[in-house]
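Q: pasting the sequence and the predicted coordinates here, then a few questions.
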Protein chains: 2
Amino acid sequence: MPTLCATVDFEPIGKRVQVEPGATLLEAARLAGVPLTSDCGGAGTCGQCRVVAREAGPALSPPNATEQARLAADELAAGCRLACQARVLGDVKVDLPPSSLRVGQRLQLEGGIRTAPAGEAVLRAIALTVPPATLADPRGDLDRVLDTLAAEHGLAGLRAAPAAVRTLPALLRAHTWQATVLVRGSEIIGFLPPTAHPLGLAVDLGTTKVAAYLVDLATGQTLAADGRPNPQIGYGEDVISRLAYAARPGGARELAQAVHHTLAELVATLAAQAGVDAAHLAEACIVGNTAMTHLLLELPTAQLAAAPYVPAAAAPQEVRCADLGLPALGDARLYVGPCVAGFVGADHVAMILSAGLDRAERTALGIDIGTNTEIVLARRGQARLASLSCASGPAFEGAHIRAGMRAALGAIERVEIDKGCARVQTVGGAPAAGICGSGILDAVAELRRAGAINARGRLQPGAAGVRAGRDGLEFLLVPAGETATGSDISLCQHDIDEIQMAKGAIQAGIAVLLEATGTRLEELDEVVLAGAFGCYLNIESAVAIGMLPRLPLSRFRQVGNAAGDGARQMLASHTTRARAAEIARRIDYIELTIYPGFRRHYAQALLL
Amino acid sequence: MPTLCATVDFEPIGKRVQVEPGATLLEAARLAGVPLTSDCGGAGTCGQCRVVAREAGPALSPPNATEQARLAADELAAGCRLACQARVLGDVKVDLPPSSLRVGQRLQLEGGIRTAPAGEAVLRAIALTVPPATLADPRGDLDRVLDTLAAEHGLAGLRAAPAAVRTLPALLRAHTWQATVLVRGSEIIGFLPPTAHPLGLAVDLGTTKVAAYLVDLATGQTLAADGRPNPQIGYGEDVISRLAYAARPGGARELAQAVHHTLAELVATLAAQAGVDAAHLAEACIVGNTAMTHLLLELPTAQLAAAPYVPAAAAPQEVRCADLGLPALGDARLYVGPCVAGFVGADHVAMILSAGLDRAERTALGIDIGTNTEIVLARRGQARLASLSCASGPAFEGAHIRAGMRAALGAIERVEIDKGCARVQTVGGAPAAGICGSGILDAVAELRRAGAINARGRLQPGAAGVRAGRDGLEFLLVPAGETATGSDISLCQHDIDEIQMAKGAIQAGIAVLLEATGTRLEELDEVVLAGAFGCYLNIESAVAIGMLPRLPLSRFRQVGNAAGDGARQMLASHTTRARAAEIARRIDYIELTIYPGFRRHYAQALLL
């Protein structure tokens, strides 16, 4: 009798899923919601989705040519497999190495800036007592609420959709004809028990991570914060792979639902943490890069994926929370902030807002480093802002680096090099498992300072610590005996090339912004660094390799998740939303691919 | 090997469905979308869901005690079954007699009154050409539409939901950056190819029938009209049975989806008839009684089903067309008109609007006869209207009458009695299959005129044509040899009792309205009769038995489907919607159950 399905256990996280025989382990991981890295979206080219089969045997297809090419002999011997290639034939247990798994990575949740939402509120919560229904007063339940709002609060002409009305009859009868009415503009979006507080959700939806905040809208207090990997990572690590996946039949739906599911889980988790009822969610605000918000809302992305890379909509968008599967009050809304261009999204606008770069008080750069790095230049006394996006790649997130990993437990995050020997510091002080962005940045800066690489980034044969390795010259960071993996952790020439390209893109972007606006470096009063990597990076190293401009350290400000903070500010205030829309309008977007001097700047910026 | 499913063929309409063995034929009919009558909702008490098995055999469970009690021996011998009792055991073909099947019944689609929608339009269709997207102009697609609307049409601050935006990128690129933008208030609800016209749908959603009109919103022209039985009939013929079904777990969803499905079919059918694209539906307007619109919108109905019978919402409601599964433009809306009370719905408001009874130009009664009959009294020069609803029952729709049927092919619709002999006229001139409301009304009036019944409605033994029958005294209308069924068609005492109760309810309602408002009969300038039965009934007969007031025939006006006409007027005009809301506010609802003189009026009104 043929086996109809097979069980896959993912360890150490303890997720189990049943699949049809023939499915790849990557497909099984997606099904199980396991955020397995897959830069290439399953094409077998990135080699990131390494997993280890617990026992050899007929439960998995034998390693194919792709795996034999991408995996070292000792890896293959140890049961290491590429999840996108290995097919499930029977029940199997696989181990997920930290470098393949996104769970547990450090998520930058707290923005450095805190401003109470101000101005006109998005929602009003109004406590009401209405006359009970009787045979002599047979008005509808909603109608007695509308009449009372008009008579006692001067609010006439309000309306409510069926989704909002559905809970009303039972609520009024359970609470002696009392309820708290939630009014949003001219609409009633739902009803709460008399003493309950409406909840708000603010989300920074990044390409790799989702940071979420639960807010008590009555007090403005943040009740809980949490983060998850973006589950779309399993469909491709970068934006372009995901847009390609979205172009397949049903692909856009699948990507959207993956994120909807994660958001719903986050709401449930945050509400449980805070001890509140998730169904009282009354308003949500999401920011993210343009592709992420388009995929979230199932907006068309074909025109985003090809020149001239335009959004379907840059204006703010609103949908029902329920349409995204969020536990929420009946007609609660989700607001997605305004974006600027195909590669400058609402998260950039939120960052500018949070850091106050639109105030025209200082001449300042705002930089949010990621797979795409968005940079804004604000000039003292000038209303217009200039922004651009540079394709810095995922190297600072540990991708495309031989020993690269995210800033999870055991990641090398600081490196000092002295006489050819590296001294490293890891996340959580754990044995080194790999190296994350801030560690690589340090290492390259230190290698250059120590003369182990030249200005063109070439490892220098004969320099202290430089040795011949599997992939040519390399520099040892941690010997096998001290690592969590039992293998040496070293940087090879290819790793350094990746960092050069990443930093070169950012450095060239800054140079173009300054040139295009006629701004001299010395005029910069401030450089704001946002995001997780921007928060943890060693500024001296970044300046040393030329990625950041050579300015006094006091002019740099590391603000953490400014995009998330901006989302929280936009959550409850119409005034702040109007300010965000105004910021989006005031941005002059510079498209690097048609900027005349870009190639020259980039070539120069590759030098260390 | 056990049979896993069985095929049921419903003839003559040719619907086929597969069910699990053990399902009742009624369940199979519901699954197949066959509108089988079931007054009692499947309890086995109404005997309306008669079907005839094509061949005897093991494909159906043998007739049970309920069937043996409710079916005559000759019926049982002929293979007649109650669909709610007979269980499917194997593949079976059943015939649906016209009296059990609602398909093909006469639907009153055309209102007698035609007024072009006037005033402020609900939708604006604006043809635009926008600047093409280039690397130098990377604005979002929506944003270039918004900018052009602001610059060329002075329309600023518009917004569009993702559902509206989804088609835009492909549309602009297919039509050289041209599109027709549909603006509804401050929202863009969708985009059409440059030369297409937006479509509108107006629906009168009755307890027994659904009448729908497809309108070209650019020209105001009605392109097609069609009607369907309300598919909820299979869940109970009257409102109360359906509210009981809605109280079951999942019942409300099931009832709503049945109607959504019928509406979607109607849109597709109407669009095909008119040769237009159903996906260009941009606005819909539905009126119906309060229970029907609540069930449509899945609003709570528990409080509708018990005193004081209040709506969850009487105010107009709006939902996305897509939320009801209608083929429509992305963010197209469905507007459900305002209702007044639990038993006075938006269809009543639409009737008043269509007949102009709110103009205070005449003192007039407006009567829409159905299972519940709603009556309004408008008085010359007075803003307030008085309305009530009386439980007239389904007798005028042929239910609870031994030979009753709807006004379908073969229904007796006119009766004259001369010397104990009846002369009948049938729908379509076909052999008589049963008797519909207008026929019964005629028959009772004629029996009374001929002295075959007395003022209390008792059949008089010895009167010409009165004979002893199966259920006591009866009066033969058509002998077996001339009928389609091969059985005598006669009226028995019980039938006459039903008509007395029905007409008594209406007559008492009119009396209460006049009394409560201090209006004398002679003051009535006009009596407006709306709806299918109101359109076809013989006014002289209705006056003769006292159901309608004794006034000159010239004061009666039969206006057809005034509710559907009102829905069409509300479809496209904000001004008319505001007028409908105003009508709903101006109605003083009279609750008969607490009106002091009601029982006395009713007792008097039972007399013929």
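A: Right, received. Where do you want to start? Residues are numbered from 1 along each chain as shown, chains lettered A, B, ... in the order given.
Q: tell me the buried residues in stretch A:383-390?
A: A:385-390 (16 or more other CB atoms under 10 Å in any protein chain shown). (C-beta placed from N, C-alpha, C; glycine too.)
Q: using PDB, write down the CA coordinates of stretch A:198-215.
A: Extracted C-alpha coordinates of stretch A:198-215, given in PDB (Å, rounded to 0.1, in the frame of the first residue of the first chain):
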ATOM      1  CA  PRO A 198     -10.200  50.100  22.000                       C
ATOM      2  CA  LEU A 199      -6.900  48.700  20.900                       C
ATOM      3  CA  GLY A 200      -4.500  49.800  18.100                       C
ATOM      4  CA  LEU A 201      -1.900  47.900  16.200                       C
ATOM      5  CA  ALA A 202       1.200  49.500  14.600                       C
ATOM      6  CA  VAL A 203       3.400  47.400  12.300                       C
ATOM      7  CA  ASP A 204       6.700  47.800  10.500                       C
ATOM      8  CA  LEU A 205       6.400  45.300   7.800                       C
ATOM      9  CA  GLY A 206      10.000  44.700   6.600                       C
ATOM     10  CA  THR A 207      11.300  42.400   3.900                       C
ATOM     11  CA  THR A 208      12.900  40.200   6.500                       C
ATOM     12  CA  LYS A 209      11.100  41.000   9.800                       C
ATOM     13  CA  VAL A 210       7.700  42.200  11.000                       C
ATOM     14  CA  ALA A 211       7.700  44.300  14.200                       C
ATOM     15  CA  ALA A 212       4.300  44.900  15.900                       C
ATOM     16  CA  TYR A 213       3.100  47.100  18.700                       C
ATOM     17  CA  LEU A 214      -0.200  46.800  20.600                       C
ATOM     18  CA  VAL A 215      -1.400  50.200  21.800                       C
END
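Q: okay but A:E20 is in contact with A:T7, surely?
A: No. Assessed by CB atoms under 8 Å, A:E20 is found out of contact with A:T7, at 11.6 Å.
Q: which one of these two is surrounded by more residues?
A: A:T7 (15 against 12; other CB atoms under 10 Å in any protein chain shown).
Q: quick one: pLDDT of that one?
A: On pLDDT, A:T7 comes in at 87.
Q: does it touch A:P21 like I think?
A: No. Using CB under 8 Å, A:T7 is not in contact with A:P21, being 11.0 Å away.
Q: any idea which helix or strand carries the residue nearest to A:Q425 when sequence neighbours are not counted?
A: Of all residues not flanking A:Q425 in the chain, A:R414 sits nearest, at 3.9 Å (CB to CB, 6 or more residues apart in numbering or on different chains). Under the criterion of DSSP states H and E, A:R414 resides in strand A:411-418.
Q: and A:A125, by the same measure?
A: Counting by DSSP H and E, A:A125 is found in strand A:124-129.
Q: from the contact counts, what lies against that strand?
A: helix A:141-153, strand A:178-184 (3 or more CB pairs under 8 Å, 6 or more residues apart in numbering or on different chains; DSSP states H and E).
Q: if you compare the ones you listed, which one is most tucked away?
A: The highest mean neighbour count among the helices and strands packed on strand A:124-129, using mean count of other CB atoms under 10 Å in any protein chain shown, belongs to strand A:178-184: a mean of 21.
Q: list the helices and strands that one packs on?
A: Here strand A:178-184 touches strand A:124-129, helix A:141-153, helix A:168-174, strand A:187-192, going by 3+ CB pairs under 8 Å, 6+ apart.
Q: let's have those in JSON lines, adding mean pLDDT.
A: Shown next, in JSON lines, are the helices and strands packed on strand A:178-184 (pLDDT from 0 to 100):
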{"stretch": "strand A:124-129", "mean pLDDT": "96"}
{"stretch": "helix A:141-153", "mean pLDDT": "97"}
{"stretch": "helix A:168-174", "mean pLDDT": "97"}
{"stretch": "strand A:187-192", "mean pLDDT": "97"}
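Q: so where do the helices sit in the stretch 151-300 of chain A?
A: Remark: helices assigned in the stretch 151-300 of chain A by DSSP state H, counting those that start in this stretch are A:162-165, A:168-174, A:239-246, A:251-274, A:290-297.
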